[in-house]
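Visitor: would you be able to build a 3D model of this:
(2 chains)
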Amino acid sequence: MDWQRMLTLAAGELIAPQTAAFALAAIGLNVHFGFTGLLNMGHAGFMLLGAYGFAISTIAGAPFWLAFLVAVVAAILFALILGIPTLKLRGDYLAIVTISAAEIIRLLGRSTLFTDLTGASSGLRGNTYKATFQALSPLPDGTTAIGPFEYGNNLSNGWWVRIAAWALVLLAVLVVYLLVRSPWGRVLRGIREDEDAVRALGKSVYAYKMQALVLGGVLGALGGVVYVLPTSVQPDAMGRAMTFFVWTVLLLGGAATIFGPILGSMIFFVALSVVRTSMRELLPPDIFGPAQIEPLSGILIGVFLMLLVIFRPQGIMGDKKELTFHVR
Amino acid sequence: MSADPTAAPTGPGTSAMAGPSAALVGLDPRPGVPKPDAILVVDDVERRFGGLTAVDVDHLEVQRGVITALIGPNGAGKTTLFNLVTGFDRPSSGSWTFDGRSMSNVNAAKTSRAGMVRTFQLTKALSRMTVLDNMRLGARDQPGENMLAALARPLWRRREQEITEKADELLVRFKLDHLRDEFAGSLSGGQRKLLEMARALMSDPVMVMLDEPMAGVNPALTQSLLGHVQALRDEGMTVLFVEHDMHMVRHISDWVVVMAEGRVVAEGPPESVMADPAVIDAYLGAHHDTDLGDDALLADEVIEQLEHEAHAEEEEHHGKQS
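Guide: Coordinates of the predicted model:
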């Protein structure tokens, strides 16, 4: 078997646009869960909404930045709709509402009611909305090889989308870093620890939770935009499984850390790639065909997540101390 | 804050007749008595949980600048009244004013911003934050707590320095300075009580509401906690606290309000309120002075007499109800 090919493939995942998309989404979820303690179980809903917002408005003729803005505004509205009724209630309610709201977005997207807009269950093809993004590329046409990585400069899954995606990730990290080490971030962490204590100190807990929900949701929507830029908008690919992958990425890297989501996303997709290709190579194909490999790697990821939460609950970058005193 | 953070709190009893508490001398000790300078005035506040009336206070005034204790047996409605006036619970009916402003239907955060800051019976130290961050969170007017301003450090750095200095001062005063950078979750129960009190002081409150400040505190710390509470009054703050520890109540309070079954049953200075028959009866029980370990209690005639008393009391109770 070709180990070198397998390793190159795995290493490629380190900088893949998909990895950046999940890192971005996990940074958003980190604002929700890691810093504010909000249990958002429907992050894929934000991502799908961002993807639809960007793709549909581009198809309707909007220039790139307007379409980008539409994705952001869609996430803000979604966060407000979710937050207004639930943020005054206990945290568990937000979990229930988000998981169902994300499903509602997905089911609306794939229903035949809006086929003209969303393409129903077959989704939106990538080349219907990629043009405005590709047109922004400053790179010359052609292919560039850096180390083992060789991609077309302006192909839909090439260098340009990688550069833009990771630039966006770094920008998000910077903003979140500036915010969480500020007094604003301190109030969020206080809310994570005990809402009533923060209320007793005169802070409007509801307003802070809403701001955190909106910020994390917007980052999730941007993750969704990055996710669909090299591929297509497929509502069924952005369902519950995606939400749990984002959670895995976050917990793997370490909640309430700055670089945890990025590291988690890289490790997650490299591991997934290694597991998939090695199983394809090593397992006898007459017993484990390609149809079995996919669910099997999903099972392995699930077992891995369980082991992670049991043996390293703080994730790779997390501070053990921050978790040790979990007294509620 | 006081100029000298290490200033020893005044000794027990020395201040009872001096300062603002002198205004309470000679006041008629009956429930709901008007005070010369009331900061908190509660009127007809009622809170029902289904069929149970937890709080039913007709009128209560709390004098400014003194230490008022709120005592009563378990289930008397002390904490519920606390929750109501601090905005953590909504009354079924009634109103109250704080510093002349109506505060009914004002939420907890706004109540706190108005100057009425509370602590909790079960301490709410923010465990996974450092002691210093706990303190800083108590401060007011930090522009960096606005999401957009938070991005630009120069906008809030100066204020952050002031806050940190003040936090350090308070930590020294409460002898927590060596724990400054520890996670609050690693503190002992008594240290958490101290931290919570110190944190409440970060906002320079007008009135401090302490819910059982002594519960679960190591006796060695009790004395210093008592001193801290007295120091608050000496700095001009109004203190209202709920407490079960009679020693503390006698020791530091200037005025005592006794609640039972949701009502205020007695008020008065600590020395005399304890002798009020209503208090002895409703709160301490008719035999609070009896040593239960005394063998003489086992004599037949004593037991008979007690039974007789209990019987008579029961009948009287029935008579009252019908």
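Visitor: hey, let's count contacts and neighbours off CA atoms from now on
Guide: OK.
Visitor: next, count neighbours for A:Leu89.
Guide: A:Leu89 has 12 neighbours, counted by other Cα atoms under 10 Å in any protein chain shown.
Visitor: confirm it sits in a helix?
Guide: No: assigned with DSSP: H, G, I helix; E, B strand; the rest coil, A:Leu89 falls outside any helix and is coil.
Visitor: where along the stretch 151-300 of chain A do the helices fall?
Guide: Applying DSSP state H, counting those that start in this stretch to the stretch 151-300 of chain A gives helices spanning A:159-180, A:183-193, A:195-200, A:205-228, A:240-253, A:260-282, A:290-311.
Visitor: secondary structure class for the residue nearest the centre of chain B?
Guide: Centroid check for chain B by Cα atoms, centre = their mean gives B:Phe241 as the closest residue, at 1.4 Å. Here B:Phe241 is recorded as strand under three-state DSSP.
Visitor: got the contact list for stretch B:142-159?
Guide: The contact list for stretch B:142-159 (Cα atoms under 8 Å, 6 or more residues apart in numbering or on different chains) reads A:175, A:178-179, A:182-185, A:187, A:211, B:160.
Visitor: correction: the previous question concerned stretch A:285-295.
Guide: Contacts of stretch A:285-295 (Cα under 8 Å, 6+ apart): A:276, A:279-280.
Visitor: the residue nearest to the residue nearest to the centre of chain B when sequence neighbours are not counted: how many residues sit nearby?
Guide: Closest residue to B:Phe241 apart from its sequence neighbours, by Cα to Cα, 6 or more residues apart in numbering or on different chains: B:Leu210 at 4.5 Å. Residues near B:Leu210, counting by other Cα under 10 Å, number 25.
Visitor: with A:Trp65 instead?
Guide: 13.
Visitor: now it: how far from A:Leu49?
Guide: Distance from A:Trp65 to A:Leu49, counting by Cα to Cα, to the nearest Å: 17 Å.
Visitor: B:Gly100 touches B:Asp37, doesn't it?
Guide: No: between B:Gly100 and B:Asp37 there is no contact under Cα atoms under 8 Å: 10.7 Å.
Visitor: who has more neighbours out of those two?
Guide: Shown here are B:Gly100 and B:Asp37; by other Cα under 10 Å, B:Asp37 has more neighbours (15 against 11).
Visitor: distance-wise, check the more buried one relative to B:Ser21.
Guide: 11 Å.
Visitor: residue contacts, A:His258?
Guide: For residue A:258 the amino acid is Ile, not His. A:173, A:176-177.
Visitor: chain center to the helix or strand where B:Gly94 lies: distance?
Guide: Assessed by DSSP states H and E, B:Gly94 sits inside strand B:93-98. Computed by Cα atoms, centre = their mean, to the nearest Å, the chain-centroid distance of strand B:93-98 equals 18 Å.
Visitor: which of the contacts of stretch B:142-159 tops the neighbour count?
Guide: Top of the contacts of stretch B:142-159 by neighbour count (other Cα under 10 Å): A:Val187, with 28 neighbours.
Visitor: not counting sequence-adjacent ones, nearest residue to it?
Guide: B:Leu137 is the one closest to A:Val187 (Cα to Cα, 6+ apart), at 6.7 Å.
Visitor: can you get me a residue count around that neighbour?
Guide: B:Leu137: 28 neighbours (other Cα under 10 Å).
Visitor: what of A:Asn154?
Guide: 20.
Visitor: look up phi and psi at the nearest residue to A:Leu139 once chain neighbours are set aside.
Guide: With sequence-adjacent residues excluded and distances taken as Cα to Cα, 6+ apart, A:Leu139 is closest to A:Asn153, at 6.4 Å. In terms of degrees, to the nearest 10, the main-chain angles of A:Asn153 are phi -60, psi -50.
Visitor: who's in contact with A:Asn153?
Guide: Neighbouring residues of A:Asn153 by Cα under 8 Å, 6+ apart: A:139-144, A:159-160.
Visitor: mind checking pLDDT for whatever residue of the stretch 201-322 of chain B ends up closest to chain A?
Guide: Nearest residue of the stretch 201-322 of chain B to chain A (Cα to the nearest Cα) works out as B:Ser203 at 7.9 Å. On pLDDT, B:Ser203 comes in at 92.
Visitor: helix, strand or coil for it?
Guide: coil.
Visitor: touching, it and B:Asp141? I think so.
Guide: No: checked against Cα under 8 Å, the pair B:Ser203 and B:Asp141 is beyond contact range at 9.1 Å.
Visitor: now render the contacts of stretch B:142-159 as a markdown table, adding distance to B:Ala220 and pLDDT.
Guide: A markdown table is the format used below for the contacts of stretch B:142-159 (distance: Cα to Cα, whole Å; pLDDT from 0 to 100):
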| residue | distance to B:Ala220 | pLDDT |
| --- | --- | --- |
| A:Val175 | 47 | 97 |
| A:Leu178 | 43 | 96 |
| A:Leu179 | 41 | 96 |
| A:Ser182 | 37 | 96 |
| A:Pro183 | 35 | 96 |
| A:Trp184 | 37 | 97 |
| A:Gly185 | 36 | 96 |
| A:Val187 | 33 | 97 |
| A:Gln211 | 44 | 97 |
| B:Glu160 | 34 | 96 |
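Visitor: near chain A, which residues of the stretch 151-300 of chain B show up?
Guide: Residues of the stretch 151-300 of chain B found near chain A (Cα under 8 Å from any Cα of the partner chain) are B:151, B:153, B:183, B:185-186, B:200, B:203.
Visitor: filter the contacts of A:Asn153 to the buried ones?
Guide: For those, a burial check counting by 16 or more other Cα atoms under 10 Å in any protein chain shown picks out A:159-160.
Visitor: which ones among the contacts of A:Asn153 map onto strands?
Guide: The strands, defined by DSSP state E, take in A:143-144 from these.
Visitor: tell me, how many residues neighbour B:Gly51?
Guide: 6.
Visitor: okay, helices next: where are they in the stretch 1-150 of chain A?
Guide: A:3-14, A:17-29, A:43-59, A:64-86, A:91-110, A:115-118, A:131-135.
Visitor: please identify the deepest-packed of the ones you listed.
Guide: helix A:17-29 (a mean of 31; mean count of other Cα atoms under 10 Å in any protein chain shown).
Visitor: and that helix with chain B, contact?
Guide: No: using Cα under 8 Å from any Cα, we find that helix A:17-29 stays clear of chain B, coming within 15.5 Å at best.
Visitor: returning to that earlier point: could you dump the contacts of A:Ile258 into JSON lines with neighbour count added?
Guide: Below are the contacts of A:Ile258 laid out as JSON lines (neighbours: other Cα atoms under 10 Å in any protein chain shown):
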{"residue": "A:Val173", "neighbour count": "20"}
{"residue": "A:Val176", "neighbour count": "21"}
{"residue": "A:Tyr177", "neighbour count": "16"}
